[in-house]
Each structure stands twice: as structure tokens, then as C-alpha cells.
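**Student:** Everything below, folded, please.
(2 chains)
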Protein chains: 2
Amino acid sequence: MSRPKNDTLLRALLREPTEYTPVWLMRQAGRYLPEYRETRKRAGSFLGLCKNPSLACEVTMQPLARFDLDAAILFSDILTIPDAMGLGLYFVEGEGPKFERPLTREWEIRNLSVPDPYAELRYMTDAVTEIRRALDGSVPLIGFVGSPWTLACYMVEGGSSDDYRAVKTLAYTRPDLMHHILDVTARAVTACLNAQIESGAQAVMVFDSWGGTLSDSAWREFSLAYLRKIATGLIREREGQRVPAIVFTKGGGLWLDALADSGFDAVGLDWTMDIGRAREQAGNRVALQGNIDPAVLFATPEVVAAEARKVLDAFGPHPGHVFNLGHGISQHTPPENVVALVDTVHEYSRKANRNT
Amino acid sequence: MSRPKNDTLLRALLREPTEYTPVWLMRQAGRYLPEYRETRKRAGSFLGLCKNPSLACEVTMQPLARFDLDAAILFSDILTIPDAMGLGLYFVEGEGPKFERPLTREWEIRNLSVPDPYAELRYMTDAVTEIRRALDGSVPLIGFVGSPWTLACYMVEGGSSDDYRAVKTLAYTRPDLMHHILDVTARAVTACLNAQIESGAQAVMVFDSWGGTLSDSAWREFSLAYLRKIATGLIREREGQRVPAIVFTKGGGLWLDALADSGFDAVGLDWTMDIGRAREQAGNRVALQGNIDPAVLFATPEVVAAEARKVLDAFGPHPGHVFNLGHGISQHTPPENVVALVDTVHEYSRKANRNT
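**Tutor:** Residues are numbered from 1 along each chain as shown, chains lettered A, B, ... in the order given. Below you'll find the predicted structure:
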């Protein structure tokens, strides 16, 4: 379990100097790749793909064969944890994720318990082991989970929502029950991240995807508090190497200060915040990851390259930048634009480094 | 056209002292009210309701009969302007707004022109006149439009979107055409707001509802620039009275400084920003409007009252606060919770004023 040959990502996440800015893309193994769609067809379903370690490994490796990426990220879904908690995850084509047994009654909430990641989520730890073997020390593997608030949104709503009526009603009228869900879920995701680390993940990320739907004070109470608990409970060193941890609150630009102090090594930014101002504000507290608008990838390779340079220029010649999208890559992205993005980030940042 | 008997809203928008914090609600005339659903049924359709001045007046007045609100807001839809520009607005039940002739080709964009608000939008100016008559000097009437970027999203996408693929692709690959759409649309909405003011609107608001989907630099280029143009072109005084103008960028908390300097009298805030910090940041530049999470209204009257007091406490004992939701009221809101909200805002702020 030594450092990978290309450890640029790990160094950038720890704000150590690098020769160029490393880059990976949220949801880089996904539907925009024809080879992914092929494997998914063989798996029979999205969930079948998540639960089959060798197919999960196959799709994890696919983008690395095409693009000069600086990291792999475990192929999985944030909702596998509530599934392992007994809620019964399923997907309806065109409607997104659903739970057979959402949390609608107090006794269901009281009965929640932390699953054993090596039992109920064995397919996930097995996938991590298999991917590490396939990577063969080339680039680091990132593990991930959803934030407790984000998972609770799905667990209480029973699926996606556009107004979060059920989960916010619960949070405002029965904060005791809400905190119980969040507490159990925080312990579950921490155990799961630690199992990913023990199985070989060399960096981890927490997706607070729906944190940005909360008011300032509600976010601090129902999301930030549990992000901090996760940071406290994480394994931070493995075989002599620091395991960097990233936190990403979509729509969390206003909360950068709180996130920079939440105990993580790096903060992911969506595309609405100028990354130069974010760097000034975060100072030396954390590395930053981001933050080009994924919609830029709908344009031409020339536009993609120009917009990538803008983000690099905004960040400036400082250590601690991991280039990424501000959100997951769209299924409608032409793969040739990803080539333009990755190559521009490498070439332009390498040149900028030489000049300083 | 003298000042209304209750001019608390107008004074608060101009940061003049008031006896209490005025309150109105975005989309206060709407589906959560059974009497609205009744009138809409009589109108035959949502668009029929918008285009019938006497029915539009009827639904505008409905929430004022139930709640002690400090303003009326014209019942209309932001997409009536692109409709008047010839795009053919229609609504499909459960799918939201659509255009028969979205902007997909260059010649369609080049052919855009500014409609005459007194001709193609006569139903809107007539509604303003009729509502003013019905209000009979009780509370002020607010007029409104959508921001050029927000309208362009619908005009280019042809309806709602979750990734803004068409409009962002146009913005990134053909900024010249994008700016042409935005320029014509900015002139159209300015003309429309001015016609609303000439017809009797005593304050106006621009809804930059989809500004928050843009990156920092793209927002400055494709939205803020046109918000500033609107502010410059507005009638600001009518019969000796200042006509305050409000700008609201959903998800625009990070851009508060730019918005406070954009030429408007007040800035609307969604619920993700702490309004106390916003007040400190905006200083004496503008009044602030907002910003309780509309989801709080799904809870109990007691919770609604407690959360309303939190927002008032956060703003503190300063002039220049108009209480509102951070976004439009949901159709699932129990009307009794609106009573709790409005009454709490009045009583608590009146008491706080007495104590200082």
C-alpha cells in the first residue's frame, strides 16, 4: 500500500507542491461513455452494476483508459448505505432512486441501526480491493459517501424531491427524530468510509449534495454538525500515509469558512463561486477542489480549454488546487471535450508552474 | 396616485423608519388558497387567468382579504413577455410552461423585437389599473418581471430545464447571439416595468430566478450586466413619489455586493444566507427583503412563529427590512400557517421597535 506512482492528487489535497494541477471529474465513470452504457447493459441495472464488484471495477477503470486523469473514484451510489440499513433501494427508469421502506413512522426511525460495511456492504469493500488491484499503483483511488443530511432527504422523502417537504417538516417539527436519523446515518457513513480506507481507498470524499437546500442555521444544525462528526471519526493515516478527506456542499459557497474549519483537508466548490476569492477566504486552512460549470462541456473543445484556463488563472500559482467540475458530469457530454479539459489543465498548469 | 394609507412597505424599501417590519409573500396569490383554485377554474387555465384583467385583479386581492399583508403584487407570469414577443406560451398540466416557437435558429434570434406593453401586454397594464382601483389606497401594489437571463433560459430551452444545456451552450459558443437575446429582452422588460409603473405600480421587482445557475463570471456577463441596464432605464419617480425597485437573484448570496451596487433600492435574499450577515455586508446601500425558508410553512404555527422571530432577530433593530419568504410560497402550505407568519412578523417587530 505504498504511494501511487502518480500521487499528484494526494499531494495537492494536502497542499504540498505539485508539478501541475491534478484533475478528476465527479461521476467520471458514467453514462456519457459508450463503454459504460455497454457494461451497464450487461449488469442488467444500475444497482446491479453497483453491487457487482468486478463490473464496478470495470466501469471505474474505463475513464482512465480514455483520459489522462489523476485519480480513480469508486463506482458506487450514495444510497447503497440506506439500502444496507434496510430501506430497500430501487430505481425506476426516468424517475431516479426510490426506497421501498422510507422513514415515515417514529418506530421505523427508532429501529435504524448501523450496518456492518464488511457484511451488508461487502460488495463495496470488495470493489475497492479489486479496483486497487486493477490500478496497480498508477493513480490513487477515492472512496466516497453521501452526507447524513443528503441521505436523510432520500430516506424520509422516499426518493428525489423538489421541495423537501417531508424531510424539512420532520426537521422543523420533530428535531429529536431528525437528529436520531442523522446520528445513526453519520455513524453508518463513517464506518463505511473507514472500511473503504481499510480496503484500499487513498482519499475520501463526502457529498453534501442537498446541504444547499437548507437555511443557514438549519444547515449548521442538520448538516455541518454531522460533517464534523464524520471528520472526527475518520481513519486519517493508513500504512504511514495521510488519507486526505474532501467535503463538498453543493450550493455551500456562503459556508466556505465553516467548511474550511470542519476538519476536512479539502473543500469542493460548485461553479457559482469564484475560486480565486474562495482561495483568499480559505487561506491555508484547506485545499480546494473544483470548479468549472459542467455545462461548459457542452460547448466546443476550444471553449472548454479557454474556460479551464480561466479557472486555473483565478486560483493562481498556489499549491492546493485539485481541478474538477462544480458538479457531476452530464450524460450529454461529448467525450472529446473531456480530452480538451484534462489536457488543458495539465499543460496550462505545468507551464504556469514553470514560469513561477 | 398619492401614497397608500399603509405605506410601510415603501418606507422600508427606502430604508426609512417604520413602526414594524412589513411583510408580503412571493406568490401570495396562488394555489395554496382554495378561493384562488376556484377563480382559476372559472378562468379555464392559468394563462387565461393571467390574460383576464378582472380575474387577475380578483386573485391579486384574495390574500389581502385573508391575511394582514403590507402589499399586493400583480398577478401575472414572467413568461408573458416572451409570449408577447411572439414565442407562443402554453402550459401543459404537470409539465410547466412551454413555448411553441423557442429560439433555436439564428434568424429567429435576429428577428426578436421589443413588444409594445400597451398593445401586446394590454391585459397586464389593464390589470394594474384595475387592481389599483380595487386596492383603493390601502396598501401599495408591486409590479414585476423576470430577469433577461431567466427569460432567455425558457426562450432558448423552450420550457423548464434541469441542466440549461441549450441556453448555456448558446452562451458559451455564440455569446454574440446570447447578448442579442439578452439585450432585446432587457429592453422589453424595462418597457414593461415602466408601463406597469405608469399604470399604477408603486414598487417593482425583477426576478433573476435562474441567475444562480451560472458561474460567477458568467452571471456577471449574462445576468448582472442586464440587471444594471434595467435599473438605469426604470422610471424611479412617479407623481412625486420614489418608486422603489427590488432585485432578487435566487442563489445569489455570494453576489450580494454586486447586487447591492447594481442600482436597485432593495435586494431579495433566498433562505440560504443569514440575513444578519447580509445586512452587515450590504450596509446602508440597500434594503433587504426576505428570507425565511418557505418549507418552514409546512410545520406548525408555533414553529412558524419561532422561525419568523429568528429571522427578525438576525436582521436586528435596523430600518430597511421587508419580511418575505426566500422563494415563492408552496401550493402545499396550510393557510393558517400564513396567519401565524404575518401576525408574528407584525407583533414581534412592533414590540422590538418599542424596546429600542
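
**Student:** Enumerate the residues of chain A near chain B.
**Tutor:** For chain A, the residues in contact with chain B under the definition CB under 8 Å from any CB of the partner chain are A:163-165, A:168-169, A:172-173, A:212, A:214-219, A:251, A:253-254, A:271-274, A:292-296, A:298-300, A:303, A:307, A:310, A:326, A:330, A:332. C-betas here are computed from N, CA, C, even on glycine.

**Student:** Point out the ones among the residues you listed that are inside strands.
**Tutor:** Where these overlap with strands, as defined by DSSP state E, the overlap consists of residue A:292.

**Student:** Just the buried residues out of the residues of chain A next to chain B, in ChimeraX syntax.
**Tutor:** Applying 16 or more other CB atoms under 10 Å in any protein chain shown to the residues of chain A next to chain B leaves a buried subset, and the ChimeraX line that selects it is:
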select /A:163,164,165,168,169,172,212,214,215,216,218,219,251,253,254,271,272,273,274,292,293,294,295,296,298,299,303,307,310,326,330
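
**Student:** Contacts for stretch A:210-225, please.
**Tutor:** A:147-150, A:152-153, A:164, A:168, A:171, A:175, A:178-179, A:182, A:208, A:249-252, A:254-255, A:258-259, A:262, B:271-274, B:292-293, B:310, B:326 (CB atoms under 8 Å, 6 or more residues apart in numbering or on different chains).

**Student:** Quick check: residue A:332 touching residue B:163?
**Tutor:** Yes: Residue A:332 is in contact with residue B:163 according to CB atoms under 8 Å; the separation is 7.5 Å.

**Student:** residue ranges of the helices in the stretch 51-200 of chain A, please?
**Tutor:** In chain order, the stretch 51-200 of chain A shows helices spanning A:53-66, A:80-82, A:106-110, A:122-135, A:148-157, A:165-173, A:175-199, with DSSP state H, counting those that start in this stretch as the criterion.

**Student:** who wins for proximity to residue B:85 among those?
**Tutor:** With CB to CB, the closest approach to residue B:85 among those belongs to helix A:165-173: 35.3 Å.

**Student:** So which elements touch the closest one?
**Tutor:** helix A:148-157, helix A:175-199, helix B:301-315 (3 or more CB pairs under 8 Å, 6 or more residues apart in numbering or on different chains; DSSP states H and E).

**Student:** thinking again about what came up before, CSV for the helices of the stretch 51-200 of chain A, including distance to residue B:98?
**Tutor:** Putting the helices of the stretch 51-200 of chain A into CSV (distance: least, CB to CB, whole Å) gives the following:
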stretch, distance to residue B:98
helix A:53-66, 36
helix A:80-82, 36
helix A:106-110, 40
helix A:122-135, 42
helix A:148-157, 27
helix A:165-173, 26
helix A:175-199, 38
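
**Student:** measure stretch A:283-302 end to end?
**Tutor:** 32 Å (CA to CA, to the nearest Å).

**Student:** where does chain A have low pLDDT?
**Tutor:** Low-confidence regions of chain A, defined here as pLDDT under 70, cover residues A:1, A:354-356.

**Student:** Now with 80, please.
**Tutor:** Judged against pLDDT under 80, the low-scoring parts of chain A cover residues A:1-2, A:353-356.

**Student:** Grab the nearest non-local neighbour of residue A:147.
**Tutor:** Sequence neighbours aside, residue A:208 is the residue nearest to residue A:147 in space, at 3.8 Å (criterion: CB to CB, 6 or more residues apart in numbering or on different chains).

**Student:** between the helices and strands packed on helix A:165-173, which gets nearest to residue B:200?
**Tutor:** Within the helices and strands packed on helix A:165-173, the stretch nearest residue B:200 is helix B:301-315; the backing value is 29.9 Å (CB to CB).

**Student:** Which strands and helices lie in contact with the closest one?
**Tutor:** Using 3+ CB pairs under 8 Å, 6+ apart, the elements in contact with helix B:301-315 are helix A:165-173, helix B:275-282, strand B:287-292, strand B:321-325, helix B:335-355.

**Student:** Take these and write them to TSV, including distance to residue B:22.
**Tutor:** Shown next, in TSV, are these (distance: least, CB to CB, whole Å):
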stretch	distance to residue B:22
helix A:165-173	25
helix B:275-282	15
strand B:287-292	10
strand B:321-325	6
helix B:335-355	8
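
**Student:** tell me, how many neighbours does residue A:71 end up with?
**Tutor:** In terms of burial, residue A:71 registers 26 neighbours under the definition other CB atoms under 10 Å in any protein chain shown.

**Student:** For it, list the residues it contacts.
**Tutor:** The neighbourhood of residue A:71, defined by CB under 8 Å, 6+ apart, consists of A:9, A:22, A:24, A:139, A:140, A:141, A:142, A:203.

**Student:** Which residue does the stretch 1-150 of chain A have closest to chain B?
**Tutor:** Distance from chain B to each residue of the stretch 1-150 of chain A (CB to the nearest CB) is smallest for residue A:96, at 11.2 Å.

**Student:** my guess is that residue meets residue A:160, correct?
**Tutor:** Yes: contact between residue A:96 and residue A:160 holds when scored by CB under 8 Å: they sit 4.5 Å apart.
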